[in-house]
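Engineer: with the sequence up front, the predicted model follows.
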Amino acid sequence: MSDPQRPRYHFLPPSDWMNDPNGLIQWAGRFHLFYQFSPGMFSGLPNQGATLPGAHWGHAVSDDLVHWEHLPIALAPTPGGADPTGCYSGCAVDHAGVPTLIYTGVMPQKACIATSDDDLLTWTKHPANPVIPAPPEGLEVPGWRDHCAWRDDDAWYQVIGCGVRGVGGALPLYRSPDLVRWEYLGLMCTGDANLTGSMWEVPEFFPLGDQHVLMVHAHPEWWFPYFVGSYDDHRYHGEFRGRVDLGAHYAAPQTLLDSQGRRLAWGWIREGRTRAAQAEAGWSGLMSLPRVMGLDSNGRLTSEPAPEVRALRRAHHAVGAIALAHDSTHQIQGVAGAQLEIVAEFTPAPNGTVGLAVRRSPDGVEETRIEYNFADDRLTIDCEQSSLDLSTDRPNSGGPLHRPPHTPLRLHVFLDASVLEVFAHGRAATSRIYPTRSDSLGLHVFSRKARPSATFDVIGQPGLTSLDVWELAAIWDGTESVPVHA
């Protein structure tokens, strides 16, 4: 807990490597989170130095989406079995009251299942594994892994992430009466290798309103496009609409439909530092905060922080209106920290840039800037000065907000040590930052010109109308561990 880069209120295991969320499911009112986990990667066990070989499924449970209890590892490789070198990503379903995990066994890659008869505490791999032993015949695929399954018309369906050489990302569709016997139905959809990658990993497919949404990892490029469209007669007709997250470090999102009818999503927040730095720290990766997904009036995917996160709020600091002159910066007195929730609202303007500087040192040498350009309708996370450690990633990232004209700009920011999650007008942007100085804790609000030729309209000069900051409680105290047995 003395590690200044380690998040305090996001989910992560006590040590070692984690990546994709897996098997999200609400069971008997409790939220279960499974995740890719490589125990021992940084602690001297046999997996040391590996990335995914030996991948396990970690497991945690929550009653409130905020506080998590570590449970025993759910899946581990079985020597001589269908998954001798790893249990890769997949999903969880309720099959007539039997919780069932669908995952990729490696190597080679093949579809497997496991079931539980004790409320998801322990898991038994099915004797018929692999239930799908290989990709469809006749398809030349660069990879074939990761599962998304759903129930429809008295049958189970699933897609598996893959690609078709010379075409692009593709999703083969299968149907089963019992999750064991699977019939290949053809490709549900394909992408354009020049636009959305040569292979799709970690597909997530779900209905939202009267549309269907598809989220994928465009491989080998490191980005996550989404599509919105219709699903008819076992074929998906989706239009590429944008990026799931506008930041540089959000990956592999998976969702669940909860008992309130909300589509909740989590993503893997990956590291932006060297493998040597991760090994020295002894941990790598974490989960995003839970997000509520929706569609706006133009059919774009929206993300908002789940309201349950408000339970973490402690001391509150409220700041009144601040007039922002040209190229001005204002320190927010009495507000500092590495675990904060910030809600800032700015008046609209025809041009110019406004924003927040977080984790700022007193002399401004270290800071991360969250900026919005009114003329370009663009949100930017500027990480160029986020760390004096030049070995860390410090990319600038962002994109359009599609903010309705003449409406106030609202920035909703979660800061947790080396993690930054920003929400604005239904868009989300996630970045990793690694300040080196212990005094890089300040918060500033600023304005500047968008371009040298830009000038503020006197009537439309932007200003800060309100700023609310909460200090957030930790959910970990350093005594956590993953149980060996249920």
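Structural biologist: Nice, thanks for sending it over.

Engineer: burial count for the closest residue in space to Ala325 that isn't next to it in sequence?
Structural biologist: Once flanking residues are discounted, Ala325 sits nearest to Ser447: 7.1 Å by C-beta to C-beta, 6 or more residues apart in numbering. Just so you know, the C-beta spots here come from the backbone N, C-alpha and C atoms, and that holds for glycine as well. A total of 25 residues lie near Ser447 under the criterion other C-beta atoms under 10 Å.

Engineer: quick check, Ser447 in contact with His326.
Structural biologist: Yes. Ser447 is in contact with His326 according to C-beta atoms under 8 Å; the separation is 7.0 Å.

Engineer: please enumerate the helices of the chain.
Structural biologist: When assigned using DSSP state H, the helices of the chain occupy the ranges 193-196, 275-281.

Engineer: redo those as a markdown table? Include distance to Arg235.
Structural biologist: Compiled in a markdown table, the helices of the chain are given as follows (distance: least, C-beta to C-beta, whole Å):
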| stretch | distance to Arg235 |
| --- | --- |
| helix 193-196 | 17 |
| helix 275-281 | 42 |
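
Engineer: out of those, nearest to Ala349?
Structural biologist: helix 193-196 (34.2 Å; C-beta to C-beta).

Engineer: list the helices and strands the closest one packs on?
Structural biologist: Where contact means 3 or more C-beta pairs under 8 Å, 6 or more residues apart in numbering; DSSP states H and E, helix 193-196 is packed against strand 168-176.

Engineer: the strand it packs on pairs with which strands?
Structural biologist: strand 155-164 (antiparallel), strand 183-190 (antiparallel) (DSSP bridges).

Engineer: out of the ones you listed, which is closest to Arg394?
Structural biologist: strand 155-164 (30.4 Å).

Engineer: and that closest one, which residues are buried?
Structural biologist: Trp156, Tyr157, Gln158, Val159, Ile160, Gly161, Cys162, Gly163, Val164 (16 or more other C-beta atoms under 10 Å).

Engineer: could you do stretch 185-195 as well?
Structural biologist: Leu187, Met188, Cys189, Thr190, Gly191, Ala193.

Engineer: got these as TSV, with pLDDT and distance to Asp16 columns?
Structural biologist: Formatted as TSV, these follow (pLDDT from 0 to 100; distance: C-beta to C-beta, whole Å):
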residue	pLDDT	distance to Asp16
Leu187	98	37
Met188	98	35
Cys189	97	36
Thr190	96	37
Gly191	95	34
Ala193	92	35
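
Engineer: Ile73: which of those is nearest?
Structural biologist: Closest approach between the buried residues of stretch 185-195 and Ile73, by C-beta to C-beta: Met188, at 32.0 Å.

Engineer: show me where the stretch 251-400 of the chain has strands.
Structural biologist: Ranges of strands in the stretch 251-400 of the chain, per DSSP state E, counting those that start in this stretch, are 263-269, 283-284, 286-287, 291-295, 301-305, 313-319, 322-323, 329-336, 339-346, 353-360, 368-373, 378-382, 397-400.

Engineer: packing partners for the last one?
Structural biologist: Using 3+ C-beta pairs under 8 Å, 6+ apart as the contact definition, the elements that strand 397-400 packs against are strand 378-382, strand 427-432.

Engineer: pLDDT on that strand, on average?
Structural biologist: Averaging pLDDT along strand 397-400 yields 96.

Engineer: please compute how far it lies from its chain's middle.
Structural biologist: 16 Å (C-alpha atoms, centre = their mean, to the nearest Å).

Engineer: got a list of contacts for that strand?
Structural biologist: Strand 397-400 has contacts (C-beta atoms under 8 Å, 6 or more residues apart in numbering) with 242-243, 246-248, 371, 376-381, 383, 427, 429, 431.

Engineer: gap between Pro136 and Tyr174?
Structural biologist: Distance, Pro136 to Tyr174, by C-beta to C-beta, to the nearest Å: 9 Å.

Engineer: before we move on, what about Glu471?
Structural biologist: Distance of Glu471 to Tyr174, computed by C-beta to C-beta: 49 Å.

Engineer: need the helix or strand of this structure with the lowest average pLDDT.
Structural biologist: Each helix and strand of the chain was given a mean pLDDT (mean pLDDT, DSSP states H and E); the minimum falls on strand 322-323 at a mean of 88.

Engineer: which of the contacts of strand 397-400 are buried? Put it as a ChimeraX command.
Structural biologist: Buried subset of those, written as a ChimeraX selection, criterion 16+ other C-beta under 10 Å:
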select :242,243,246,247,248,371,378,379,380,381,383,427,429,431
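
Engineer: which among the contacts of strand 397-400 gets closest to Trp283?
Structural biologist: Ser431 (18.4 Å).

Engineer: who's more crowded, Pro136 and Tyr174?
Structural biologist: Higher neighbour count among Pro136 and Tyr174: Tyr174, with 22 against 17, using other C-beta under 10 Å.
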